[in-house]
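Peer 1: got a predicted structure here, sequence first:
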Amino acid sequence: TLTLTSLIILTLPIITTLLQNNKTNCFLYITKTAVTYAFAISLIPTLLFIQSNQEAYISNWHWMTIHTLKLSMSFKLDFFSLTFMPIALFITWSIMEFSLWYMHSDPHINRFFKYLLLFLITMLILVSANNLLQLFMGWEGVGIMSFLLISWWHGRTDANTAALQAMLYNRIGDMGFIMMMAWFTIHLNSWEFQQIFLTNPKNTTLPLLGLLLASAGKSAQFGLHPWLPSAMEGPTPVSALLHSSTMVMAGVFTLIRFYPLMENNLTIQTSTLCLGAITTLFTAICALTQNDIKKIIALSTSSQLGLMMVTIGINQPHLAFIHMCTHAFFKAMLFLSSGSIIHNLNNEQDIRKMGGLYKTMPITSTAIIIGSLALTGMPFLTGFYSKDPIIETANMSYINTWALLITLIAMSMTASYSTRIIFFALLGQPRYPSLTQINENNPYLINPIKRLILGSIFMGFLISMNTIPHTTPQMTMPPHLKFMALAVTLLGFTVATELNNMTHNLMFKQPSRMHTFSTMLGYYPTITHRILPYLSLTMSQNLATTIMDSIWLEKMIPKNLTTMQKTAASLVSNQKGLMKPYFLSFLLSITLGLLIAL
Amino acid sequence: MNPLALSLILTTLLAGTLITMMSSHWLTAWMGLEMNMLTMIPILMKTTNPRSTEAATKYFMTQAMASMMLMMALTINLMYSGQWSITKMTNPVASNMALMALMTKLGSAPFHFWVPEVTQGVELTPGMILLTWQKLAPLSLLYQMATYTNTNLIYLSGLLSILIGGWGGLNQTQLRKILAYSSISHMGWMLIILPFNPTLTLLNLTIYIMLTLSIFMILTNTFTTSMSSLTLMWNKTPAMTIMLMTTLLSLGGLPPLSGFMPKWLMIHELTKNNSIIMPLTMAIMALLNMYFYMRLIYYSSLTILPSTNNMKMTWRFTNTKHTMTLPTLITLSNMLLPLTPMISMLE
């Protein structure tokens, strides 16, 4: 029964793609209802799993055997994939309903839905893969769909460059992934997870480094992060689906999948920890002074991803997974509500030009406030069930104190920029043009947001109650450590509120250096996007022209020989005709000659 | 010059060299060298301008110093071995000091500084005698005593001579200096083969003397001493211009001319003795010599520099110079290569 139900889940969306473009009007609704039914059906295996704690592996079609490597299509339905699939389907359902309202006036809306559906299918392949080849197929699939969806409005240069950026950074991560696959083929002769975890090899630093690189590329960790803020060029549903809940989770998900190997390798754990900590802090700093609402939320996604990496780094993959699931809900909701704001203000994305939406868009502002509270880990909302255990475990474990401090600072900054959004978008007097068309009454807009609000409030509780903890959580700790997360968040709130209130009374002056650093995303994109192409291009130009033509053919032998001979000739024949130096040289030569000869 | 004085001087010159070449006692050899040097001075000073005087003075000082050193070497040899024979100088100090003295007399590096200056300071004919006849006596002494000298010194000096002869000649426009540097370079070649096969030294000497005599006589006949006057030679004696070209090529060591013979045999001998790098370096450095000979050939025979139409038709005066031995010499210096198997005659 399990096998049948899970296969049906997967085939339903696929069937709909086969009927493309035949009936132009109904395609959208067919897609949306297909995803809805898929969600409902996927709940069945999940509930079965919660009841019985039985994992299942389905292996059906044998593709090919290369020497001793057997490749088949196999699905792994364990805790991670069974929990994540309904969540992904639920969120996709909500987003598809939302995009019926958002992309209503777009002539190519059918193609948009097709792309979203393809993305969903590849994401599910990635999540349920039991061997690395299938995972890689899903991995590449989500990469390509992200490229196509970011450049949806391809007439715009920025959109095209952003899509290219996303593709390139993902590709750099893919190099790590392929290295990992190659290592496993050479050393373990298999790409199946069961075999990898069973043999438990000892020297796994190299493949895990590759995996870390791949996750850094896919999940926008520091060093490969600029594509995520730039990816906001795509439509809001795309940002909501790809870049908040699902695709960027792929990297963290793969890292979580490999937790048996990572438990044994302290080097990788430390590097994951440090990378995550740096990412968290850096993106939180950058998010503090951004003015585009979508960029703030994107950088907040990046910061939360860093937090997940930190969690993996302290050897708590299950906590990271829970945080991933809960984060999907409220981040998607934040994006959807920002989409609603943007559309209602006639495509205005700058928060300096919004304001006073508290009264005019009640549902959206409720959603934003609840989402922000959940994001910052307000007790008993969703984020609390994942974030608080993370911070507690981090406090109690023997990890890098520096990484921990940075994570705490980043948490307070999370509160700060969330306050900033609320303050500028919702509170105060309106700063947009007076002819408004604010209308929230469309059910396609309201229903997804309402569903996601419910999810944000209750899902944390539900998920954590239904999972079996794999490691015993620390129960007793000093009170100051227990309240650390909460205190830090409240600190962030209050400081941000104070500062933002002060902005009513400030005179305009030049932004300080630190402010510019934060607004320009830390100058990282500016520097790397210019230096690396410049270096490669000049090196290739030098190789092509200077080295071959000018140096080797011209200067190396002919010109050098000429100058050498001319110097030598003028040195030798430069006699002045004075006899005494000649005799002196004779004396020296004779002395030397006698010394040699003796 | 007064014919009586001239005949006396030339006879003494001849006698000096012959005495050195025929002696087996060091003292008589040294005596011959001294006679040589002393009679060379008035020959160098045939013209009485200060330049010649200066050249003669320099020549005298250098050669006197060399003779003094040679005497010291002989005395040391006498002290240690008690005999005056040339071929048995077993004491290293004595034999190396004598070697260096003879090298100074020949004009090898690092004792080469006097050669270009003296050669430039005198007329063509004394220069010719300086560069050809004066080499006979010291080389005959070297031929006899070379077995007991340090071969490292010989190689060092020889290589250095070739280098200096090549590089020094690149920067010259005066023909006498060019021939002086060419003499230095050829001395280097002769020195290097001395420990291996002294017969080849003598062969090289012979062919070198033939070639240098030919060139000097061509130059004397056409009154050219610098490269600029070389460019006008085509008009006066076109046949001699072409002969100059072939003789210069032969001096540079180009096959199939006879100047190739000594170089070829030397490289053969050196490679038979398992030294590869040295003949390689020597051959490459000889190219430097070839370069400035080519420059001379280019300016004399291969191009005609722009001139007015008047200069293209000169009045041919009758030649007052002696050309008696010139054809023989030129033929010998260009066409001797097929006679290579005959070097066994020199053994």
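Peer 2: Received, thanks. Note that the structure is predicted; figures quoted are calculated from it, not measured. Numbers count the residues shown, from 1 in each chain, chains lettered A, B, ... in the order given.
Peer 1: rest of the way, CA atoms for contacts and neighbours
Peer 2: Noted.
Peer 1: ok, residues contacting stretch A:436-447?
Peer 2: A:94, A:97-98, A:100-102, A:340, A:344-346, A:360-361, A:363 (CA atoms under 8 Å, 6 or more residues apart in numbering or on different chains).
Peer 1: filter those down to just the buried residues.
Peer 2: Neighbour-count burial (16 or more other CA atoms under 10 Å in any protein chain shown) applied to the contacts of stretch A:436-447 gives A:Ser94, A:Glu97, A:Phe98, A:Leu100, A:Trp101, A:Tyr102, A:Ser340, A:Asn344, A:Leu345, A:Met361, A:Ile363.
Peer 1: tell me if the biggest helix by length in chain B is near chain A.
Peer 2: Longest helix in chain B, counting residues (DSSP state H): helix B:50-81. Yes - counting by CA under 8 Å from any CA of the partner chain, chain A has neighbours in helix B:50-81: B:Lys58.
Peer 1: using PDB, list the CA coordinates for the helix or strand that comes right after that helix.
Peer 2: As assigned by DSSP states H and E, the chain's next helix or strand after helix B:50-81 is helix B:92-106. Presented in PDB, the C-alpha positions along helix B:92-106 are these (Å, rounded to 0.1, in the frame of the first residue of the first chain):
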ATOM      1  CA  PRO B  92     104.400  23.100 -12.800                       C
ATOM      2  CA  VAL B  93     105.300  26.600 -11.700                       C
ATOM      3  CA  ALA B  94     107.900  26.900 -14.400                       C
ATOM      4  CA  SER B  95     105.900  25.300 -17.200                       C
ATOM      5  CA  ASN B  96     102.700  27.300 -16.500                       C
ATOM      6  CA  MET B  97     104.600  30.600 -16.200                       C
ATOM      7  CA  ALA B  98     106.300  29.900 -19.500                       C
ATOM      8  CA  LEU B  99     103.000  29.000 -20.900                       C
ATOM      9  CA  MET B 100     101.500  32.300 -19.900                       C
ATOM     10  CA  ALA B 101     104.500  34.200 -21.100                       C
ATOM     11  CA  LEU B 102     104.200  32.600 -24.500                       C
ATOM     12  CA  MET B 103     100.500  33.300 -24.500                       C
ATOM     13  CA  THR B 104     101.200  37.000 -24.000                       C
ATOM     14  CA  LYS B 105     103.600  36.900 -26.900                       C
ATOM     15  CA  LEU B 106     100.900  35.300 -29.100                       C
END
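Peer 1: what packs against helix B:92-106?
Peer 2: Counting contacts by 3 or more CA pairs under 8 Å, 6 or more residues apart in numbering or on different chains; DSSP states H and E, helix B:92-106 packs against helix A:579-597, helix B:50-81, helix B:136-145.
Peer 1: how big is the angle separating that helix from helix B:136-145?
Peer 2: Helix B:92-106 runs at 150 degrees relative to helix B:136-145, counting by axes from the mean of the first three to the mean of the last three CA atoms, to 10 degrees.
Peer 1: contacts for helix B:92-106?
Peer 2: A:590, A:593-594, A:597-598, B:62-63, B:66-67, B:69-70, B:72-74, B:76-77, B:89, B:109, B:111-112, B:134-135, B:138-139, B:142, B:145-146, B:148-150, B:187.
Peer 1: let me know the pLDDT of the residue of the stretch 251-400 of chain A found nearest chain B.
Peer 2: Closest approach between the stretch 251-400 of chain A and chain B, counting by CA to the nearest CA: A:Thr267, at 56.2 Å. Here the pLDDT value assigned to A:Thr267 is 85.
Peer 1: what's the helix or strand for it?
Peer 2: Per DSSP H and E: A:Thr267 is located in helix A:266-287.
Peer 1: re earlier: could you dump the buried ones among the contacts of stretch A:436-447 into TSV with pLDDT added?
Peer 2: Listed next are the buried ones among the contacts of stretch A:436-447 as TSV, based on pLDDT from 0 to 100:
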residue	pLDDT
A:Ser94	89
A:Glu97	89
A:Phe98	90
A:Leu100	88
A:Trp101	88
A:Tyr102	88
A:Ser340	90
A:Asn344	86
A:Leu345	85
A:Met361	87
A:Ile363	89
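Peer 1: so can I have TSV of those residues showing secondary structure?
Peer 2: What follows is the buried ones among the contacts of stretch A:436-447, written out as TSV (DSSP: H, G, I helix; E, B strand; the rest coil):
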residue	secondary structure
A:Ser94	helix
A:Glu97	helix
A:Phe98	helix
A:Leu100	helix
A:Trp101	helix
A:Tyr102	helix
A:Ser340	helix
A:Asn344	helix
A:Leu345	coil
A:Met361	coil
A:Ile363	helix
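Peer 1: which residues touch the residue in chain B sticking out farthest from the centre?
Peer 2: In chain B, B:Asn309 marks the outermost C-alpha relative to the chain mean, sitting 39.8 Å out by CA atoms, centre = their mean. Contact analysis of B:Asn309 by CA under 8 Å, 6+ apart lists nothing.
Peer 1: any idea how far B:Ser300 is from it?
Peer 2: Distance, B:Asn309 to B:Ser300, by CA to CA, to the nearest Å: 18 Å.
Peer 1: what's the answer for A:His154, then?
Peer 2: Distance of A:His154 to B:Ser300, given as CA to CA: 76 Å.
Peer 1: tell me which element the closest residue to A:Lys482 other than its chain neighbours falls in.
Peer 2: Spatially, and ignoring its direct neighbours in sequence, A:Lys482 is nearest to A:Glu392 (6.5 Å; CA to CA, 6 or more residues apart in numbering or on different chains). Per DSSP H and E, A:Glu392 falls inside helix A:382-396.
Peer 1: show me what residue of the stretch 201-350 of chain A gets nearest to chain B.
Peer 2: Nearest to chain B, among the residues of the stretch 201-350 of chain A, is A:Leu206, at 50.5 Å (CA to the nearest CA).
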